[in-house]
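Enquirer: Please work out how this folds:
(one chain, ligands or ions: 2)
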Amino acid sequence: MLVLGIETSCDETAVALVENGKRILSNVVSSSLHLHKKYGGVVPEIATRYHVELINCVLAEALNKAKAKPKDIDLIAAVYGPGLVGALLIGLSLAKALSLSLNKPLVGVNHLQAHLYAAMMEKKRIRFPFVGFVVSGGHTNLFYVRDYLRWQMIGKTRDDAAGESFDKVAKILKLGYPGGPIIERRALQGNSTKIRFPRSYLEEDSLDFSFSGVKTAVLYYVRDHGIRNIAASFQEAVIDILTEKAAKACRLKKVKDFVAGGGVLANQRLRKSLSESLAEQGIRVHFPKLKLCQDNAVMVAGLSYQLYRRGVVSNLNLEVAPNLKV
Ligand code: KG4
Ligand code: ZN
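Expert: Residues are numbered from 1 along each chain as shown. Ligands and ions are numbered 1, 2, ... in the order given. Predicted coordinates for the structure are as follows:
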């Protein structure tokens with residue numbers, strides 16, 4: 001079954017063709033990141049206009065690269081939330097138009113679930129139930145996933161997302177945007193034990209997150225001491241929190257598998273920390289390939305295939321859900 005996936009929830013305009021939920025025939029991503037750089041964050045209006053301008057070219061290229069014609073497509077999938085309302089509307093409207101004109105079924109996909117499916121594209125079998133962890137610029141969420149149709153959110157951030165804290169700290173340090181990759185690079189040259197930034201674990205039994213405290217601590221430290229070793233020490237604080245809560249969630253839920261996804265999983269230090277800590281608990285850890293950590297449409301097409309096989313179909317009344325939870 002050939003699935004066309006569309007992703008436009010934030011600043012990536014992406015279309016992909018995937019066969020039977022696993023075989024990637026094309027994966028086209030065009031990002032408007034360069035247009036947001038000078039503002040130090042994604043500007044929704046700019047992202048939305050970029051989607052309108054680019055989506056038809058991205059679609060044509062995805063079909064071209066897969067050597068497919070519209071009539072070959074069996075299923076159309078698009079992210080309907082969470083994300084920027086205007087941005088979501090572009091992708092979902094295209095998906096509806098294609099579904100109607102080609103007379104093929106439509107499946108609306110949750111962006112966060114798709115991020116976790118990115119790790120499930122690999123041949124390796126992942127056993128349900130598992131703990132899922134989405135760590136991106138907009139989200140820091142822990143899920144308990146019983147099967148493809150039963151997702152429960154068990155932890156969320158109460159303020160900044162982890163990726164957002166990288167972006168904000170990079171801004172304080174005047175390093176540029178997006179902050180994640182720059183801080184990771186800087187951290188390699190610094191000593192992470194030089195400064196002990198606070199780690200907020202909230203209440204003992206909570207799986208929620210808070211990153212605004214460590215961000216503020218960085219702000220005061222810069223004011224008083226200058227910027228040496230901050231990147232490494234800040235990164236270490238965030239990774240400690242993420243690792244600790246992921247391990248706690250796996251213990252509480254007694255799972256044997258852990259699946260993570262989202263832009264921050266591009267961070268090698270985070271991957272290592274999660275792998276090592278969870279392996280000690282005898283848990284199998286699954287990450288997406290680096291290319292599939294960031295927003296893409298492969299994960300959307302892939303997940304929609306699994307949902308469709310289990311009876312999920314959306315109708316043309318499906319609305320975008322900017323604040324969609326699970
Ligand atoms: O998943 P994503 O591409 O978009 C969202 O859905 O948010 O994630 C982007 C986020 C940004 O905050 C960026 O700073 C962060 O992921 N990021 C990283 C790294 N690469 C990207 N954070 C830490 N280390 C990295 N290497
Ligand atoms: Zn994302």
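
Enquirer: if I pick residue 239, what's in contact with it?
Expert: 267, 269-270, 273 (C-beta atoms under 8 Å, 6 or more residues apart in numbering). From N, CA and C alone the C-beta is placed, and that goes for glycine too.

Enquirer: Counting neighbours, which of the residues you listed comes out on top?
Expert: Ranked by neighbour count (other C-beta atoms under 10 Å), the contacts of residue 239 have residue 267 at the top, with 25 neighbours.

Enquirer: do you know how far that residue is from ligand 2?
Expert: As judged by C-beta to the ion, to the nearest Å, residue 267 and ligand 2 stand 15 Å apart.

Enquirer: if I look at the nearest residue to that residue once chain neighbours are set aside, how far off is residue 270?
Expert: Excluding its sequence neighbours, the residue lying closest to residue 267 (C-beta to C-beta, 6 or more residues apart in numbering) is residue 184, at 5.3 Å. Distance of residue 184 to residue 270, computed by C-beta to C-beta, to the nearest Å: 9 Å.

Enquirer: low pLDDT regions in the stretch 51-200 of the chain?
Expert: By pLDDT under 70, the stretch 51-200 of the chain contains no weakly predicted segment.

Enquirer: who are the neighbours in contact with the residue nearest the centre of the chain?
Expert: With distances taken as C-alpha atoms, centre = their mean, the residue of the chain nearest its centroid is residue 262 (2.7 Å). Neighbour list for residue 262: 115, 134-136, 139, 163, 293 [criterion: C-beta under 8 Å, 6+ apart].

Enquirer: and whatever residue of the stretch 51-200 of the chain ends up closest to ligand 2, how many neighbours does it have?
Expert: Residue nearest to ligand 2 within the stretch 51-200 of the chain (C-beta to the ion): residue 136, separated by 4.4 Å. Residue 136 has 24 neighbouring residues, counting by other C-beta under 10 Å.

Enquirer: From residue 115, how far out is it?
Expert: Distance of residue 136 to residue 115, given as C-beta to C-beta: 7 Å.

Enquirer: element containing the nearest residue to residue 190 once chain neighbours are set aside?
Expert: Excluding the flanking residues, the one nearest residue 190 by C-beta to C-beta, 6+ apart is residue 232, at 3.3 Å. In the assignment (DSSP states H and E), residue 232 maps to helix 230-253.

Enquirer: distance between that helix and the chain's centre?
Expert: How far helix 230-253 lies from its chain's middle: 17 Å, per C-alpha atoms, centre = their mean, to the nearest Å.

Enquirer: any bit of it sitting next to ligand 1?
Expert: No - counting by C-beta under 6 Å from any ligand atom, ligand 1 has no neighbours in helix 230-253; the shortest distance is 7.5 Å.

Enquirer: Check which element follows that helix along the chain.
Expert: Next along the chain after helix 230-253, taking DSSP H and E as the criterion, comes strand 257-261.

Enquirer: relative to helix 230-253, how tilted is that next one?
Expert: Put simply, strand 257-261 runs at 140 degrees to helix 230-253, going by axes from the mean of the first three to the mean of the last three C-alpha atoms, to 10 degrees.

Enquirer: so what strands line up beside strand 257-261?
Expert: Take DSSP bridges as the rule and strand 257-261 pairs in its sheet with strand 130-135 (parallel), strand 284-286 (parallel).

Enquirer: what about dumping the CA coordinates of it to PDB?
Expert: Taking Å, rounded to 0.1, in the frame of the first residue of the first chain, the C-alpha atoms of strand 257-261 are listed here in PDB:
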ATOM      1  CA  ASP A 257      10.800  -0.900  25.600                       C
ATOM      2  CA  PHE A 258      11.500   2.800  25.400                       C
ATOM      3  CA  VAL A 259      10.900   4.800  22.200                       C
ATOM      4  CA  ALA A 260      12.100   8.400  21.700                       C
ATOM      5  CA  GLY A 261      11.800  11.000  19.000                       C
END
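
Enquirer: Which strands and helices lie in contact with the next helix or strand after it?
Expert: Heading C-terminal from strand 257-261, the first helix or strand you meet, by DSSP H and E, is helix 268-280. Applying 3 or more C-beta pairs under 8 Å, 6 or more residues apart in numbering; DSSP states H and E, one finds that helix 268-280 makes contact with helix 179-189, helix 230-253, strand 257-261, strand 284-286.

Enquirer: Buried deepest among the ones you listed, which one?
Expert: strand 257-261 (a mean of 25; mean count of other C-beta atoms under 10 Å).
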